[in-house]
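> turn this into a structure:
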Amino acid sequence: MEIVAFFQAGGEFMYPILAILALGLAIALERFFYLTVTQYKTQKIWSQLLPMLKAKDVERALSETEQMNTPLARIFNYGFARLASSSDRVKVEAAMEEGLMEALPEVEQRTHYLATLANIATLLGLLGTIIGLIQAFTAVAGADPADKADLLSASTSVAMNTTAFGLIAAIPMLLMHSYLQSKTSRLVDNLEMAAVKCLNLVVDDD
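You can find the predicted model right below:
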């Protein structure tokens, strides 16, 4: 197996890079499923609540959102709770913004770790290569002059494996980070848009 031989030839730095890659994949999968499910729930909740909001049936809408545990439901709960005591648009809008601020950390969490892990994987690969080259030159220094070129060539090839593997781990994580950031931004935009539409439907401008 060429892959196994490549991994084994890279030395001890291949293992932490592999662990970082596994952690990055776990984070990416968790975030992907969370964002996909939350986006679906956001659209579903909005479809359910829209007729109530158009009818200004805030009490019924509140009873529905209180049973839901999603970012959009929490944002609406803040607004509906404030609307029960005040119909002032500014106050209701401020309450919804508070709900949005509370929901954002949950939506955005862990995604930024992917960029950090990608950088760490790259740096570990470079560190492994540098240490491998140091060890190679140290070993070659005491070797027979006729064999030095071959030994150095072989040792350098092995040392470069860690840099290659570091990049193999880093590039997918950077791509996943970019994709998930875009997916997160779309979800945040949808939450903000839904909050504004809700506000316009249930609060009359003076």
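
> where does pLDDT dip in the chain?
1, 6-10, 139-155, 157-158, 205-206 (pLDDT under 70).

> all helices for it, in order.
Remark: helices assigned in the chain by DSSP state H are 2-9, 14-54, 58-65, 71-85, 89-108, 113-141, 148-202.

> pick the most deeply packed of the ones you listed.
helix 71-85 (a mean of 21; mean count of other Cβ atoms under 10 Å). (Each C-beta comes from the backbone N, C-alpha and C, glycine too.)

> and the contacts of it?
38, 41-42, 45-46, 49, 58, 61-62, 65-66, 91-96, 98-100, 102-104, 106-107, 191, 194-195, 198-199, 202-203 (Cβ atoms under 8 Å, 6 or more residues apart in numbering).

> how about a cut-off of 7 Å?
38, 42, 45, 58, 61-62, 65-66, 91-92, 95-96, 98-100, 102-103, 106-107, 191, 194-195, 198-199, 202 (Cβ atoms under 7 Å, 6 or more residues apart in numbering).

> C-alpha coordinates for it, CSV please?
Taking Å, rounded to 0.1, in the frame of the first residue of the first chain, the C-alpha atoms of helix 71-85 are listed here in CSV:
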residue,chain,number,x,y,z
PRO,A,71,-32.4,30.5,16.8
LEU,A,72,-35.4,32.0,14.9
ALA,A,73,-37.9,30.9,17.6
ARG,A,74,-35.7,32.5,20.3
ILE,A,75,-35.5,35.8,18.4
PHE,A,76,-39.2,35.9,17.9
ASN,A,77,-39.8,35.0,21.6
TYR,A,78,-37.8,38.1,22.7
GLY,A,79,-39.8,40.3,20.3
PHE,A,80,-43.2,38.8,21.3
ALA,A,81,-42.4,39.1,25.0
ARG,A,82,-41.6,42.8,24.6
LEU,A,83,-44.6,43.3,22.4
ALA,A,84,-46.9,42.0,25.2
SER,A,85,-45.9,45.0,27.4
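
> what's near enough to touch the closest residue to residue 132 other than its chain neighbours?
Once flanking residues are discounted, residue 132 sits nearest to residue 159: 2.9 Å by Cβ to Cβ, 6 or more residues apart in numbering. Contact analysis of residue 159 by Cβ under 7 Å, 6+ apart lists 129, 132, 133, 136.

> residue 29 versus the second one, what's the distance?
The reference is to residue 132. 32 Å (Cβ to Cβ, to the nearest Å).

> could you do the third one as well?
Applying Cβ to Cβ, one obtains 36 Å for the distance of residue 133 from residue 29.

> any idea how far stretch 53-72 is from the middle of the chain?
Mean C-alpha position of stretch 53-72 versus that of the full chain (Cα atoms, centre = their mean, to the nearest Å) differs by 29 Å.
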